[in-house]
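Enquirer: Pasting the sequence and the predicted model now:
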Amino acid sequence: MRTPPNERLTSDIAEAPRPRKTEPERRCILSGETAARDTLVRLVASPAGLVLPDAQEKAPGRGAWIGVSRDELAEAQAKGRLKGALSRAFKTSDLELAENLPELIENALTRVLLDRLGLEMRVGNLILGTQRIAETARGGAVALLLHARDASEDGCKKLDQAWRVGRQSEGSGERGLELPLDRDALSVALGRDNVVHLALADEAAAARVMKALARLTHYLGHDLPAADGRVSARADDELND
């Protein structure tokens, strides 16, 4: 049968909605629980059998995933459960675990976060300086607001309030995210003096930072922040808005 002019042929397959892309998941070798890969840590074994963290997820070969906190990992290592789980994952008992493996993992995850912040600064995505952050936040252009662990409460509150004003969410209690890093670590990593507060305007850059931050936060045993880094203030903070 001839198709009338200007009439498009349609297909049920073509019209069907595309399936949503699912987030990759991995299974923790210790807890047996499955979670988003971005919150788990990959471990690899060297040819000599030394177990090391693969914080960048780039090492070749078989990997084992850890989804527990640092304290839980240290306990599992002390009781021998970690080596047993790794032996099953790597299908060999000829493994060597450093006594400070939990610390090595934390250091590796911290390095990834600091490197990411450094990269974002070099391409101009990182906003530094209290005054500049406050002005950008009030203009509604801050996607992610971060504070050093040792930042003063007063300084955080002022920037948090500016952020809420720009987001038109005054009274919501939303506040920036406290990093598990102090100002000295941030200053050294970024090559600047007295880095206490940071912000990102670019949504994609904020997502990249949040990926590294969420993994470190989870490993340290803290609650995971929201996808955009927002957390709610305590009730007494909300009353002070």
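Expert: In hand now; what should we look at?
Enquirer: And the next helix or strand past the host helix or strand of residue 133?
Expert: Assigning secondary structure by DSSP states H and E places residue 133 in helix 130-138. Secondary structure here is assigned by DSSP H and E; on that basis, the next helix or strand after helix 130-138 toward the C-terminus is strand 144-147.
Enquirer: what packs against that following strand?
Expert: In terms of contact count using 3 or more CB pairs under 8 Å, 6 or more residues apart in numbering; DSSP states H and E, strand 144-147 is assigned the packing partners helix 153-166, strand 177-178, strand 197-200, helix 203-219. (Glycine included, C-beta is placed from N, CA and C.)
Enquirer: Which stretch among the ones you listed approaches residue 64 most closely?
Expert: For residue 64, the closest of these is helix 203-219, at 14.8 Å, according to CB to CB.
Enquirer: Pick the most deeply packed of the helices and strands packed on strand 144-147.
Expert: When these are scored by mean count of other CB atoms under 10 Å, the highest mean neighbour count falls to strand 197-200 (a mean of 25).
Enquirer: Okay, now the sheet partners of that strand, with direction.
Expert: On the basis of DSSP bridges, the sheet neighbours of strand 197-200 come out as strand 126-128 (antiparallel), strand 144-147 (antiparallel).
Enquirer: Just the residues contacting it, thanks.
Expert: Outside strand 197-200, the residues within contact range by CB atoms under 8 Å, 6 or more residues apart in numbering are 117, 120, 125-130, 133, 136-137, 142-148, 151, 155-156, 159, 176, 186, 206, 209.
Enquirer: Could you do stretch 53-60 as well?
Expert: Applying CB under 8 Å, 6+ apart, the contact partners of stretch 53-60 are 41-44, 63, 101, 104-105, 108-109, 111-112, 215.
Enquirer: Out of those, the closest to residue 170 would be?
Expert: Distance from residue 170 was checked for each of those by CB to CB. The minimum falls on residue 215, at 31.8 Å.
Enquirer: coming back round to it: quick one: the helix holding residue 133 to chain centroid distance?
Expert: Relative to the chain's own centre, helix 130-138 is displaced by 23 Å; criterion: CA atoms, centre = their mean, to the nearest Å.
Enquirer: Go through that helix and flag the buried ones.
Expert: For helix 130-138, burial by neighbour count (16 or more other CB atoms under 10 Å) applies to 133-134, 136-138.
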